[in-house]
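Asker: When you get a sec, could you give me coordinates for this:
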Amino acid sequence: MLINLLSGEEDWEFIVIEDFAHLGRGLFNAFIHQHLKRGCEIHLLSYNSPPGYILSNAKNKIIYHDGYTDPAGWKNDPNILNKITYNTDLEAHFREHLIDQQKEFLIAIDLLRPLVLNKSVAEICILFKRLQRFCKDSDKKFKLLCLFHNQSNDNFIVECLENIASTILSLFPATSCVITCNILHKRNGKPSKEKINFHISSNLDVRIEKPNLTTTKRDVMQQKPDPTSGLTFKLELDEKEKVARGQLVLPYTKKSNESEIIYEYDENDDFDEEDPDDDLNI
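Answerer: Just a heads-up that it's a prediction; the model follows:
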């Protein structure tokens, strides 16, 4: 499913990449890279990276909204293009940039953490829903991609994002190069789950790691403890001992003799001298 989400074969509107050890950067860049290959326009709102840091070879193809240089709004630098601060009305900001947008575009937010620290979760969810409604009302093909570094006390935030997002990609480290991804995808309102392992090459190509079934079965067998291991006596019986056990007659066992009931038919048995209608008063 992950490959279909990247290629656009599987439809989605809002993806949240949730990681716990800063693993989502490569997958975040891979989504941007795939949309650039399809000719989509990219609006990158970055609180985490300076201009040109992400996909520097595609700098001219990405519209950068700078939330990194002056997030607090203390500098009066006119050279900062598309400046974003913590107090910026993001809905009005993107409406202004997207009003004349004709082709499909992607808004990529790197990173959600500064928004969560400076705005309530309700405000963030309302912002995303209003952007989606604005694009639908304007017949614009719009997708939203967010990178979120989860912490131990962010369960409420994750639950809120799951309610409004079409897809949640939760990443965990598997090995030094392989990442485990738990996918929660809503297709026509029906959620589906999938767990895969993948790695990302240097040119941002995502490759799925197929599980080794032989290794998996061996690991499962090794996990089950053997109760007979380490015993100082023989616990199991061999075939001869099993046959001898079956032939052994236990003492004080009562044997029941088979009995048979013999019935001889007699016509008189079916004759009743009493009239069953004698008790009727007619």
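
Asker: Please write out the alpha-carbon positions of stretch 202-210 in CSV.
Answerer: The C-alpha atoms that make up stretch 202-210 are tabulated as CSV, following Å, rounded to 0.1, in the frame of the first residue of the first chain:
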residue,chain,number,x,y,z
SER,A,202,20.0,7.5,-1.7
ASN,A,203,17.9,8.7,-4.7
LEU,A,204,14.7,8.6,-2.5
ASP,A,205,13.3,5.4,-3.9
VAL,A,206,11.3,3.4,-1.4
ARG,A,207,11.8,-0.4,-1.5
ILE,A,208,9.7,-2.9,0.4
GLU,A,209,11.5,-5.6,2.3
LYS,A,210,9.8,-9.0,2.0
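
Asker: Not counting sequence-adjacent ones, nearest residue to Gln102?
Answerer: Lys140 (8.0 Å; Cβ to Cβ, 6 or more residues apart in numbering). Glycine gets a C-beta too; all of them are placed from N, C-alpha and C.

Asker: Please report how far that neighbour lies from Asn203.
Answerer: 30 Å (Cβ to Cβ, to the nearest Å).

Asker: tell me the SS of the residue nearest to Gln102?
Answerer: coil (DSSP: H, G, I helix; E, B strand; the rest coil).

Asker: correct me, but it touches Gln101?
Answerer: Yes. At 5.8 Å, Lys140 counts as touching Gln101 under the criterion of Cβ atoms under 8 Å.

Asker: Count residues in the vicinity of Ser170, would you?
Answerer: 19 (other Cβ atoms under 10 Å).

Asker: Next, work out how far apart it and Gly189 are.
Answerer: 20 Å.

Asker: same question, Lys210
Answerer: 31 Å.

Asker: quick revisit: the residue nearest to Gln102: neighbouring residues, count only.
Answerer: If we define neighbours as other Cβ under 10 Å, then Lys140 has 15 of them.

Asker: Check Leu23 too.
Answerer: Leu23: 20 neighbours (other Cβ under 10 Å).

Asker: Contacts for stretch 90-98 next, please.
Answerer: 43, 45, 63, 65, 82, 84, 105, 107, 127, 130-131, 134-135, 138, 140, 142 (Cβ atoms under 8 Å, 6 or more residues apart in numbering).

Asker: Give me the buried positions along it.
Answerer: By 16 or more other Cβ atoms under 10 Å, the buried positions in stretch 90-98 come out as 90, 94, 98.

Asker: Relative to the longest strand along the chain, what are the paired strands and their orientations?
Answerer: Determined from DSSP state E, the single longest strand within the chain is strand 190-200. According to DSSP bridges, strand 190-200 forms sheet pairs with strand 179-187 (antiparallel), strand 206-209 (antiparallel).

Asker: Any idea which helix or strand in this structure has the lowest mean pLDDT?
Answerer: Within the chain, no helix or strand scores below helix 213-223, which has a mean of 54 by mean pLDDT, DSSP states H and E.

Asker: Downstream of it, the next helix or strand is which one?
Answerer: Going down the chain from helix 213-223, the next helix or strand is helix 239-247, by DSSP states H and E.

Asker: Quick check: which element contains His43?
Answerer: strand 41-46.

Asker: from the chain's centre, how far out does that strand sit?
Answerer: 25 Å (Cα atoms, centre = their mean, to the nearest Å).

Asker: list the buried ones in it?
Answerer: By 16+ other Cβ under 10 Å, the buried positions in strand 41-46 come out as 41-46.

Asker: elements contacting that strand?
Answerer: In terms of contacts (3 or more Cβ pairs under 8 Å, 6 or more residues apart in numbering; DSSP states H and E), strand 41-46 is packed against helix 24-37, strand 62-66, helix 90-98, strand 105-110.

Asker: most packed of these?
Answerer: strand 105-110 (a mean of 23; mean count of other Cβ atoms under 10 Å).

Asker: in its sheet, what does that one sit against?
Answerer: Strand pairing for strand 105-110, using DSSP bridges, gives strand 41-46 (parallel), strand 142-149 (parallel).

Asker: Trp12: which of those is closest?
Answerer: In terms of Cβ to Cβ, the element of the strands paired with strand 105-110 nearest to Trp12 is strand 142-149, at 6.9 Å.

Asker: Let me see the mean pLDDT of the helix or strand following that closest one.
Answerer: The helix or strand immediately downstream of strand 142-149 is helix 155-164, counting by DSSP H and E. For helix 155-164, mean pLDDT is 87.

Asker: For helix 155-164, what is the distance to the chain centroid?
Answerer: On Cα atoms, centre = their mean, the centre of helix 155-164 falls 13 Å from that of its chain.
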